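Undergrad: pasting the sequence and the predicted model now:
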Amino acid sequence: MVEPNRIQEISDRLEIGDLLIRYCTAIDSKQYDDLDAVFTPEAIIDYTSAGGIRGTLSEIKKWLSQVLSLFPMTQHVVGNVVVKIEGDRATSRCVFFNPMGLPPPEGKKGLKVLCFGGYYNDTLTRTGDGWRICERVEESSWDSGTDG
């Protein structure tokens, strides 16, 4: 028989994994209000390692809607998730891979694809609505196709 504490840990890990995927889905579908079910209202999100901003959830949602409107295609993928749970708090670190497509130059077909990779370093808290990220620090590691 599995111990109740172990069942809770398994459940927490599954929920946190789902949370990370919901983030990707919200970003790629450009449904930024869906991030309200990913982050706590007072969350701090830091994209500065990728040249972005650090701010509150509302600031980040506004910024994402402006910046990502340039890209007709984005595809965030996360993996290699490491989670450490301590009661109602947790940390996670996962790899992200993010190809993004820019419109082609006039007269050309297809997209110009830029690729980015790195890590999301998260602090999470258990809320009445389940696990939520209260702090995210993106740690960019590499990019390709950016000419820079």
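TA: Nice, I can see it.
Undergrad: look up how far P103 lies from the residue nearest the centre of the chain.
TA: Using CA atoms, centre = their mean, the residue of the chain that lies closest to the mean C-alpha position is Y23, 4.9 Å off. Distance, Y23 to P103, by CB to CB, to the nearest Å: 25 Å. Every C-beta, even on glycine, is put in place using the N, C-alpha and C of the backbone.
Undergrad: same question for N5.
TA: 52 Å.
Undergrad: and what of W63?
TA: 21 Å.
Undergrad: which residues in the chain form helices?
TA: Secondary structure of the chain (DSSP state H): helices at 4-28, 57-67.
Undergrad: hmm, back to that, which of W63 and P103 has more neighbours?
TA: W63 (16 against 13; other CB atoms under 10 Å).
Undergrad: residues contacting the more buried one?
TA: With CB atoms under 8 Å, 6 or more residues apart in numbering as the criterion, the residues that contact W63 are 52-53, 55.
Undergrad: what residue ranges in this protein score low on pLDDT?
TA: Low-confidence segments of the chain (pLDDT under 70): 1-2, 147-148.
Undergrad: now do the strands in it.
TA: Along the chain, counting by DSSP state E, strands occupy 39-46, 54-56, 73-74, 77-86, 89-102, 112-127, 130-144.
Undergrad: what would those strands look like in CSV with mean neighbour count and distance to I27?
TA: Listed next are the strands of the chain as CSV, based on neighbours: other CB atoms under 10 Å; distance: least, CB to CB, whole Å:
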stretch, mean neighbour count, distance to I27
strand 39-46, 18, 11
strand 54-56, 15, 16
strand 73-74, 14, 6
strand 77-86, 13, 11
strand 89-102, 18, 9
strand 112-127, 18, 11
strand 130-144, 17, 12
